[in-house]
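Engineer: sharing a model prediction with you, sequence too.
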Amino acid sequence: MTTGKYIRTEETKKKMSLARQGRTWEQLYGKEKADELKEKSRKLMIGNKKTLGIYPTKETREKMSLIHKGIPKSEEHKRNIGLANTGKILSEETKNKISLAKTGKKLPPFTEEHKQNMSISRKGKSFTEKHKENLKESWKNEERRNKTVQASLKLKQITSSEQILFDIIKRNNLPFNYVGNGQVVFNGFCPDFLSKNPKYIIELFGVGHYCKNCRERDRRKLEVYSSLGYKTLIINTWSLNNEEKIVNKIKEFIK
């Protein structure tokens, strides 16, 4: 008769791991038993200071990630994650890590259901005065301002008017690239077209640019471009049907 602690072999551990892979606690033990085990595990962690400051290794995190891949989260699980994160203030270091992890990753567009859920969750909510002040302060930081503008324009599709002008530019071999999707941002402002060399910008203005608030914003935008040594040509959308005139105007501008 064997006594003492039973030690599983590495082979047994591997078999058990493979058998459980991709399965939730509910699938393995049933809901009642799973809830009991989760509660037991939660109570064991209360006041446990042995694990404080201990983080899983990169290899362990990758293994945990693979195990959980493809397992859909229940609505209750999603709500619990949301509640756990509500009110959390992330440190600058954490924000930078999240930003770096997402850099270069093209996120899929939001589904209509996702957009609707976001809209419902924000309905009736208004920013506190403190939040407004924080937004104003963060907007003063040029680097953050540029990142915010770039992020907001990343998935922007070229407009029909911009496409017409871009086609004219390409047909006539004019030295300009379309950068209106956030490729280039100057102090919070993104030009529509930028010359390859030297410093020339083309801005396409529609009717909306001539309202009072827009005129003020455009004035500040042109001041920023000018302060950086750029010359700006404004082309109105209603003049795009005259290609010859547009081409001559651009050629005259970059002489």
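Structural biologist: Everything's here; your move.

Engineer: residue 166: neighbouring residues, count only.
Structural biologist: A total of 21 residues lie near residue 166 under the criterion other CB atoms under 10 Å. Where you see a C-beta, it was placed from the backbone N, CA and C, and this is true even at glycine.

Engineer: tell me the secondary structure at it.
Structural biologist: Here residue 166 is recorded as helix under DSSP: H, G, I helix; E, B strand; the rest coil.

Engineer: other SSEs contacting the helix or strand that contains residue 43?
Structural biologist: Assigned by DSSP states H and E, residue 43 belongs to helix 31-45. If you count contacts as 3 or more CB pairs under 8 Å, 6 or more residues apart in numbering; DSSP states H and E, helix 31-45 packs onto helix 25-29.

Engineer: mind listing residues that contact the helix it packs on?
Structural biologist: The contact list for helix 25-29 (CB atoms under 8 Å, 6 or more residues apart in numbering) reads 20, 34, 37-38.

Engineer: looking at those residues, which one is closest to residue 243?
Structural biologist: residue 20 (66.5 Å; CB to CB).

Engineer: then whichever helix or strand comes after the helix holding residue 43 to CSV, C-alphas only?
Structural biologist: Counting by DSSP H and E, the next helix or strand C-terminal to helix 31-45 is helix 58-68. Presented in CSV, the C-alpha positions along helix 58-68 are these (Å, rounded to 0.1, in the frame of the first residue of the first chain):
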residue,chain,number,x,y,z
LYS,A,58,6.4,35.1,-20.7
GLU,A,59,6.3,31.4,-21.5
THR,A,60,3.6,30.8,-18.9
ARG,A,61,1.6,33.8,-20.2
GLU,A,62,1.8,32.4,-23.8
LYS,A,63,0.6,29.0,-22.6
MET,A,64,-2.3,30.6,-20.7
SER,A,65,-3.2,32.6,-23.8
LEU,A,66,-3.2,29.5,-26.1
ILE,A,67,-5.4,27.6,-23.6
HIS,A,68,-8.0,30.4,-23.6
